[in-house]
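> Would you be able to build a 3D model of this:
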Amino acid sequence: MNPYIDVVFRSVAVYLFMLLAIRLTGKKELSQLNTADVVLILLISNSVQNAMVGSDTSLQGGLIAAASLFLMNYALKKLIYKNEKIRRFLNDKPEILIHNGKLDFEQLSRLSITSDELREAMREHGVEHYADIKLGMLESDGNISIISGSGTLKQTQFKRKHAHKTLGALDN
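A predicted model of the protein is given here:
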């Protein structure tokens, strides 16, 4: 087999494995990685490098591996857009945390959202009491959105510092 085609196949296989592994271990939003998650990703990238390029450590091999990953990512995004089943598997759905001032403690516990995080989100958006919240949601991208129930609806958003799901539950 052509060594460059081998690099393409290896890179695509590693991409699919990493995508599945991250999804199955619960990582949702890479912009919300904690320190342990970043270290894990760096170590994983180092450990799978040889699996992608094999013995080809040339510039061409590295560029072909990178191009394969970019193309695979582009194709996957198109597939997610067009296929509902794949979209549901790869993307989490929004979760209701607060509805009409009532906290859903079961959801908060399941998602590992602390009261401190929730209060921080509220303060960030000028909401003082839970009773003032018409709807508080953990969005599919990991943000906490708050819609206040005061006279004029005010929608705010709070970016969590820690994702509600982590690689191997490292931040618990």
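> Okay, and residue 135 sits in which element?
Under the criterion of DSSP states H and E, residue 135 resides in strand 133-138.
> pLDDT weak spots in this protein?
25-34, 150-172 (pLDDT under 70).
> quick check: domain ranges of it?
Following automatic domain parsing, one gets these domains for the chain: 3-90, 95-169.
> what about the strands in this protein?
Under the criterion DSSP state E, the chain contains strands at 95-99, 102-103, 133-138, 143-148, 155-159.
> ok so, going back, and the angle from the strand holding residue 135 to strand 143-148?
170 degrees (axes from the mean of the first three to the mean of the last three C-alpha atoms, to 10 degrees).
> hmm, back to that, out of the domains of the chain, indicate the one that is most buried.
Burial of the domains of the chain is given as mean neighbour count (mean count of other C-beta atoms under 10 Å); domain 95-169 ranks first at a mean of 16. For every residue, glycine as well, the C-beta is placed using N, CA and C.
> The strands of the chain: which one's closest to residue 74?
With respect to residue 74, and counting by C-beta to C-beta, the nearest of the strands of the chain is strand 143-148 at 24.8 Å.
> and residue 93, what is it in contact with?
residue 140 (C-beta atoms under 8 Å, 6 or more residues apart in numbering).
> Could you pull up phi and psi at it?
phi -100, psi 150 (degrees, to the nearest 10).
> Let me know the distance separating it from residue 85.
14 Å (C-beta to C-beta, to the nearest Å).
> can you check residue 15 too?
From residue 15 to residue 85 the distance is 19 Å (C-beta to C-beta).
> Run the angle between the strand holding residue 135 and strand 95-99 for me.
Using the same axes, to 10 degrees: strand 133-138 against strand 95-99 is 160 degrees.
> Residue 76 is nearest to which of the strands of the chain?
Nearest to residue 76, of these and by C-beta to C-beta, is strand 143-148 at 22.4 Å.
> Paired strands for that closest one, with orientation please.
When pairing is defined by DSSP bridges, strand 143-148 lines up against strand 133-138 (antiparallel), strand 155-159 (antiparallel).
> Just the CA trace of the first one, in PDB.
Read it as strand 133-138. Provided in PDB are the C-alpha atoms of strand 133-138 (Å, rounded to 0.1, in the frame of the first residue of the first chain):
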ATOM      1  CA  ILE A 133     -35.400  33.000  37.200                       C
ATOM      2  CA  LYS A 134     -38.100  32.000  34.700                       C
ATOM      3  CA  LEU A 135     -35.800  29.500  33.000                       C
ATOM      4  CA  GLY A 136     -32.200  28.400  33.700                       C
ATOM      5  CA  MET A 137     -30.700  25.900  31.300                       C
ATOM      6  CA  LEU A 138     -27.400  24.100  30.700                       C
END
